[in-house]
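Colleague: Sequence first, predicted coordinates after that:
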Amino acid sequence: MNDSNNEEENNLNLRVEAEHFTVYFRENDRKCIGKVIDVLEDNYSRITINLEQKLDSKLILEIYSNLKSLHLALGLQDAPDWIRGGLGAGKIIIASPLNPPPGSNFDNVLNTAIHEFVHILINKINSNTPRWLNEGIACYEAKDNSEKWIRETIIEGLSNGNIPTFKDLDTGEDFEKFFALNGYQYSYTMVEAIVNLFGYDKLRKLIKAPNKFDEVLNVSETALYNKYVDFIKANYRGITS
């Protein structure tokens, strides 16, 4: 009986077509589909302009109502419960905003659709973008994490003098190590700093040549890191919840 229920749950038997996205889901998630489509379509122009990259065809998005189905769809049977989504064979896979994973809420999951869409575009530009830069841009564009969570992490890091470097957060495919290093919070602020200090044009060039800091930004990796630390000191230190 359980196997039958799981098979039924994994069968996304409903579909909605939008201008740039095709969404697959089940009846119990129908109430959130309009908002999922709206958030993707409403942000499509902004993000594609920021990254100067568009989709070649409609992008598929799959929504799964429970964590087990989500993990199976992602090919991560032993995935941690905090995962809200990911990519699979050129499509977006997310949890249902109506049943958020532990530690998340409706809006976090909703914006995860944007986060994964950004990954698709970045990977079209450069499939070898380091994790800190790839995740940082996705987090920065999607705003899918709590500002309070980011702020408290940065303040604690500044207080302890323990701010990870770009290399620290280049964990490759090891997303759990990235999470353990507070990579989502720090990579967000790294990209925030680059956008504020250098602009989107330089960020786009950095995606294409992520290890050429001198050539793209006219600063060494060490100098960029120091500028980043100065940026978060100026923008996060002393800010309370």
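Modeller: Perfect, thanks for sending it.

Colleague: Kindly export stretch 139-146 (C-alpha atoms) in PDB.
Modeller: The C-alpha trace of stretch 139-146 is given here as PDB (Å, rounded to 0.1, in the frame of the first residue of the first chain):
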ATOM      1  CA  CYS A 139      20.600  33.500  -3.500                       C
ATOM      2  CA  TYR A 140      21.100  37.200  -4.300                       C
ATOM      3  CA  GLU A 141      18.700  37.200  -7.200                       C
ATOM      4  CA  ALA A 142      16.100  35.000  -5.500                       C
ATOM      5  CA  LYS A 143      16.200  36.400  -2.000                       C
ATOM      6  CA  ASP A 144      15.000  33.000  -0.900                       C
ATOM      7  CA  ASN A 145      16.600  33.000   2.500                       C
ATOM      8  CA  SER A 146      15.800  34.900   5.600                       C
END
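
Colleague: In it, which residues are buried?
Modeller: Within stretch 139-146, the residues that count as buried by 16 or more other CB atoms under 10 Å are C139, Y140, E141, A142, K143, D144, N145. The way it works is simple: take the backbone N, C-alpha and C, and place the C-beta from them, glycine included.

Colleague: and the second one, how far is that from A18?
Modeller: Think Y140. 24 Å (CB to CB, to the nearest Å).

Colleague: farthest-separated two in the buried residues of stretch 139-146?
Modeller: Pairwise distances among these were taken by CB to CB; the largest, 11.9 Å, belongs to E141 and N145.

Colleague: residues near R237, how many?
Modeller: R237 has 11 neighbours, counted by other CB atoms under 10 Å.
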